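A.B. asks: no sequence for this one, just the structure:
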């Protein structure tokens, strides 16, 4: 299975009639393993900041999470495993696996809970596969 | 079927069917008595004492005795609210800040497996209190019986990095009052539950520190008759309870007063939110309903070191009088009207599939 299929079929899948606006699986160095069509153009230092927050939880909260120039307010995640950001009624969820980062961007009317379910489910699966 | 909202606190449990602009229908104490069965002994002292044992179901905001909690919820849900076994509805719980993950999971498990609810949601009290006054952003200072939570909330999400929780609350103030009363009334033996009532009747906040010091020296004593007939005098002790919140050294704590805590907590949030947070400060919780507390808070806030003056939120007119005490429950009622119809809650099917850990993903 290619990484692109993971993104297209598992991350961008339908839940209760909704789906993520954008999703991607990135390496922890910022390299793109696969991304959906609408995924924002991000900068390497944004990814570096995210990875740093996984190692030092709380470093991203004062400044906010940036992805593709969009600023997300950091909300409750799971230190070292999940970072969640919120922007108005939408937001982003980043799950860390052994070697990768699974990202999902959602907007209204999808709920944060649904985004978390999708992203974290795939993240857990990859984690178990050793990736 | 209407959803039920439950706000369990260290002293009182507020519960009822979600009705946003009303007081919670059932407000019952969370202290329970364990009635011992025959042959069991109380307290392990081996004397075969078969009196009832007082159990603190909720300590410092968190559930400590799950059996007692189960019994309490059973009574509230089936007897008071009128659920029927086999036809349970949806339930929304409030929780304090920094609730450990395992406690949330245990609550979810209890609700789905023992009570068989059809839907579950949990939300933090800070966010709910703000909903009750019609805001999604602001700073809540929740002064309860077992704990004080200071939480900045932005657009419905608590900033956990900036929030603070103190393990002091109404119960410590009661103990302080008991000590002080014992000093001025050495011959009278006062029971702690009577001190609790005295605190609620007489405790006041001096309008500022200077006035407090004046009160220490010249006070108007009042006579109070205890239920068992003894008479005690209460004078300057009544002010010390309120003062302890602004000068924690009185309680023996090496901390700043409540206003400084608010300012330092907000300073940990990105600066563009500061104005919104400080200008929408909300005081809630039983202890915050003390006479004179709000006025004192506002006046201390005006002279505080922050560039933006903290301003207290005015509750909407359609809300009942003692909003501060029950704001978390009311906010829960408001949220319940939104969350359950939109299926954002945890359903039985999802619980069965994923297990208790689902609460971390769906409820925040």
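C.D. replies: It's in. Keep in mind that what you see is a predicted model, and the values were worked out from it rather than measured.
A.B. asks: wait, residue B:97 sits on residue B:126?
C.D. replies: Yes: with contact defined as C-beta atoms under 8 Å, residue B:97 counts as touching residue B:126 (6.4 Å). Any C-beta I mention is one placed from the backbone N, CA and C, and that applies to glycine too.
A.B. asks: Looking at these two, which has the bigger crowd around it?
C.D. replies: Between residue B:97 and residue B:126, counted using other C-beta atoms under 10 Å in any protein chain shown, the more crowded position is residue B:126 (29 against 20).
A.B. asks: Could you find the closest non-adjacent residue to the more buried one?
C.D. replies: Of all residues not flanking residue B:126 in the chain, residue B:151 sits nearest, at 3.7 Å (C-beta to C-beta, 6 or more residues apart in numbering or on different chains).
A.B. asks: Mind telling me what element the one you found is part of?
C.D. replies: strand B:148-154 (DSSP states H and E).
A.B. asks: go on, residue B:195?
C.D. replies: Residue B:195 is part of helix B:192-202, with elements assigned from DSSP H and E.
A.B. asks: Can you pull the residues that touch both of residue B:97 and residue B:126?
C.D. replies: B:149, B:151, B:158, B:163 (C-beta atoms under 8 Å, 6 or more residues apart in numbering or on different chains).
A.B. asks: Between the residues you listed, which sits nearest chain A?
C.D. replies: residue B:158 (6.9 Å; C-beta to the nearest C-beta).
A.B. asks: Neighbours of that closest one, how many?
C.D. replies: 24.
A.B. asks: Surely it touches residue B:129?
C.D. replies: No: using C-beta under 8 Å, residue B:158 is not in contact with residue B:129, being 11.1 Å away.
A.B. asks: Residue B:288 should be in a helix, yeah?
C.D. replies: Yes: Residue B:288 sits within a helix when classified using DSSP: H, G, I helix; E, B strand; the rest coil.
A.B. asks: Which pLDDT does the model give it?
C.D. replies: pLDDT recorded at residue B:288 is 86.
A.B. asks: Which residues lie in contact with residue B:159 in this structure?
C.D. replies: A:61, A:75, B:151, B:152, B:153, B:268, B:269.
A.B. asks: can we see that at 6 Å?
C.D. replies: When contacts are counted by C-beta atoms under 6 Å, 6 or more residues apart in numbering or on different chains, residue B:159 touches B:152, B:269.
A.B. asks: same thing with residue B:261?
C.D. replies: residue B:150.
A.B. asks: Test my guess that residue B:164 contacts residue B:265.
C.D. replies: Yes: the pair residue B:164 / residue B:265 is scored as a contact, 5.3 Å apart, by C-beta atoms under 6 Å.
A.B. asks: And the pLDDT at the residue nearest to residue B:126?
C.D. replies: Looking at residue B:151, the pLDDT reads 93.
A.B. asks: Report how many residues lie close to it.
C.D. replies: Using other C-beta under 10 Å: residue B:151 sits among 28 other residues.
A.B. asks: Show me the beta-bridge partners of it.
C.D. replies: residue B:140 (DSSP bridges).
A.B. asks: which phi and psi does residue B:59 have?
C.D. replies: Residue B:59 adopts backbone torsions of phi -120, psi 130, taken as degrees, to the nearest 10.
A.B. asks: Quick check: beta-bridge partners of it?
C.D. replies: With DSSP bridges as the rule, residue B:59 is bridged to residue B:62.
A.B. asks: quick one: the helices in the chain?
C.D. replies: Picked chain A for this. A:3-5, A:44-55, A:112-128 (DSSP state H).
A.B. asks: should've been chain B
C.D. replies: Secondary structure of chain B (DSSP H): helices located at B:66-74, B:101-109, B:125-132, B:170-184, B:192-202, B:209-217, B:237-246, B:258-267, B:274-278, B:293-302, B:323-339, B:348-354, B:358-362.
A.B. asks: could you dump these to JSON lines with mean pLDDT?
C.D. replies: As requested, the helices of chain B are exported to JSON lines (pLDDT from 0 to 100):
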{"stretch": "helix B:66-74", "mean pLDDT": "91"}
{"stretch": "helix B:101-109", "mean pLDDT": "92"}
{"stretch": "helix B:125-132", "mean pLDDT": "92"}
{"stretch": "helix B:170-184", "mean pLDDT": "88"}
{"stretch": "helix B:192-202", "mean pLDDT": "85"}
{"stretch": "helix B:209-217", "mean pLDDT": "80"}
{"stretch": "helix B:237-246", "mean pLDDT": "87"}
{"stretch": "helix B:258-267", "mean pLDDT": "88"}
{"stretch": "helix B:274-278", "mean pLDDT": "88"}
{"stretch": "helix B:293-302", "mean pLDDT": "88"}
{"stretch": "helix B:323-339", "mean pLDDT": "90"}
{"stretch": "helix B:348-354", "mean pLDDT": "89"}
{"stretch": "helix B:358-362", "mean pLDDT": "85"}
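A.B. asks: Tabulate the ones you listed in a markdown table, adding columns for distance to residue A:70.
C.D. replies: As requested, the helices of chain B are exported to a markdown table (distance: least, C-beta to C-beta, whole Å):
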| stretch | distance to residue A:70 |
| --- | --- |
| helix B:66-74 | 43 |
| helix B:101-109 | 29 |
| helix B:125-132 | 24 |
| helix B:170-184 | 44 |
| helix B:192-202 | 50 |
| helix B:209-217 | 47 |
| helix B:237-246 | 41 |
| helix B:258-267 | 24 |
| helix B:274-278 | 20 |
| helix B:293-302 | 35 |
| helix B:323-339 | 26 |
| helix B:348-354 | 30 |
| helix B:358-362 | 23 |
